[in-house]
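> Quick one, fold the following:
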Amino acid sequence: MMRPLPRGRGATASATALTFAALTFAAPGGLAQAQDMAADPHAGHHSPAPAAPAAQADPVDHAAMGHGSMDHAAMGHGPEHGAMTSALGPYPMSRDASGTAWQPDLSPHMGQMIPLGGWQAMGHVLLNGVYVDQGGPRGGDKAFVAGMIMGMAQRPVGPGVLSLRAMLSPDPFMGKSGYPLLLAAGETADGVNLLVDRQHPHEAFMELSASYSLPLSSRSSLFIYGGLPGEPAYGPPSFMHRFSGLDSPEAPISHHWMDSTHITFGVLTAGLVRDDWKLEASAFRGREPDAQRWDIETGPLDSWSARVSYNPAPSWALQASYADIHSPEALDPHHDERRLSLSAAYARPVGDDGLLAVTVAAVRKDVVPGDVLWAGLTEAAYSPDDRWTFFGRAEQVDQNELAGHGHGETTRVARLSLGAIHDWRISPRVKIGLGALVSAFDIPGALGDDYGDPRGGMAFVRLKIG
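Next up is the predicted model:
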């Protein structure tokens, strides 16, 4: 058993992440010398990060990192200018998403890389102030703040590349009971009661991780990734990192099928990258985070997962993964889960400064002992220009927890959400947005009578930096 991390060390991790972000935005010769991002459809952080200008001090030599400075035209990965490579292998950094998951190469990259001594650092901030109103007898309303503050730094160490990453969230400030979200269920507010028709807050420390990659050739690499917390090799990128879904402040009701493992207190992943293929496997702690959202938890690595990823073209990212999760729910500790996930993500530029992103995913969840539960998701985001983004998400889920605590009768329910956001650029790296969404539901049988005829909606203001 690992010893709990002292709270002083947690505060140090928090300061580290904030320092990464602050240094990225304030460092001399950093973003002020970067390309003009006014044509970027998503506030600069969606642009593939350019190589550092020669005039900047202490640029990182990517050839020395072992992965080279990649020519995308030569490798079939997009524009004909050099682009920064991933810390995990010889492919464009824009392919990296949450944890070690992949997205399409043509996905705009979140954050702007700048040199800091022998390191390359990146920072990114996305915060939403939200008012949600969920109708019907099981609904409710609430104002809250959600989002993330991210920091990353990498440098060559020996023959490979060391990368450190931190991500913080303001979610704990919304309270243990989270916010109203009809048809959602999972985790606990107080360690006693299951959250039903509500989305739980995420941990203050969403990721504190390190990785090291070793080049095998110009086309392949080995890597190891560890996090406390971190994300194991399972599923598509988590919903707040998918470009098809990150503009919506609403969590998917399929979250506990697709990507609830994205905050796992104890993860070790090893992987092999070759060209556009990646094979990886993880050992991790199966138990979901408890109701204490500010702490660092520990426990045995009692679960495992494996994932194969393939990017057949710059616009596509495909994955298939399996997870065997030991006792994930504190309120039902005698139930294990086995999950099989398949997904396809698509992204491409539209016009001069637009973007289209789509994700389709399906998951089978076997509760052992218990039911076989399916979930399906289709979500998309379309930005015709730098100002507007239109987004939508359709989901169908087999739920057996909507009657309250424990595993009850299974009902297939569905939810559709459609929304838009308008952004105003305050500076080349800062945008303020104002958006809204509406939701409709399909709830059959007696359960539908319990919900009445609900409607849902959100209004939100967003700050995006980077």
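
> send the alpha carbons of stretch 268-287 over as CSV?
Taking C-alpha atoms only, stretch 268-287 is exported to CSV below (Å, rounded to 0.1, in the frame of the first residue of the first chain):
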residue,chain,number,x,y,z
LEU,A,268,1.3,3.0,-14.9
THR,A,269,1.2,2.6,-18.7
ALA,A,270,3.8,1.2,-21.2
GLY,A,271,3.4,1.6,-24.9
LEU,A,272,5.0,1.1,-28.3
VAL,A,273,4.6,3.6,-31.2
ARG,A,274,5.4,2.7,-34.8
ASP,A,275,4.4,5.1,-37.6
ASP,A,276,0.6,5.6,-37.2
TRP,A,277,0.0,2.7,-34.8
LYS,A,278,0.2,2.5,-31.0
LEU,A,279,-0.1,-0.5,-28.7
GLU,A,280,-0.2,0.2,-24.9
ALA,A,281,-1.3,-1.4,-21.6
SER,A,282,-1.9,0.0,-18.2
ALA,A,283,-2.1,-1.2,-14.6
PHE,A,284,-4.2,1.1,-12.4
ARG,A,285,-6.3,1.5,-9.3
GLY,A,286,-9.9,0.5,-10.1
ARG,A,287,-11.7,2.5,-7.4
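
> In that stretch, which residues are buried?
Buried residues in stretch 268-287, counted by 16 or more other C-beta atoms under 10 Å: 269-271, 273, 276, 278, 280-287. Every residue, glycine included, has its C-beta placed from N, CA and C.

> and that stretch, average pLDDT?
In this model, stretch 268-287 carries a mean pLDDT of 97.

> returning to what we had before: among the buried residues of stretch 268-287, find me the one that's closest to residue 396.
For the buried residues of stretch 268-287, the residue nearest residue 396 by C-beta to C-beta is residue 286; the value is 25.7 Å.

> can you pull the contacts of that closest one?
302-303, 325-328, 336 (C-beta atoms under 8 Å, 6 or more residues apart in numbering).

> Which one of the buried residues of stretch 268-287 is nearest to residue 146?
Nearest member of the buried residues of stretch 268-287 to residue 146, counting by C-beta to C-beta, is residue 287, at 23.3 Å.

> among the contacts of residue 286, which ones are buried?
302-303, 325-328, 336.

> tell me which of the buried residues of stretch 268-287 is nearest to residue 132?
Of the buried residues of stretch 268-287, the one sitting nearest to residue 132 (C-beta to C-beta) turns out to be residue 287, at 28.3 Å.

> wait, the closest one sits on residue 335?
No - the pair residue 287 / residue 335 is not scored as a contact, 11.8 Å apart, by C-beta atoms under 8 Å.

> Identify the contacts common to the two.
With C-beta under 8 Å, 6+ apart, residue 287 and residue 335 have common neighbours 327-328.

> Output the buried residues of stretch 268-287 as a markdown table; include the columns secondary structure and distance to residue 226.
Shown next, in a markdown table, are the buried residues of stretch 268-287 (DSSP: H, G, I helix; E, B strand; the rest coil; distance: C-beta to C-beta, whole Å):
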| residue | secondary structure | distance to residue 226 |
| --- | --- | --- |
| 269 | strand | 7 |
| 270 | strand | 10 |
| 271 | strand | 12 |
| 273 | strand | 17 |
| 276 | coil | 25 |
| 278 | strand | 17 |
| 280 | strand | 13 |
| 281 | strand | 13 |
| 282 | strand | 10 |
| 283 | strand | 10 |
| 284 | strand | 10 |
| 285 | coil | 12 |
| 286 | coil | 17 |
| 287 | coil | 18 |
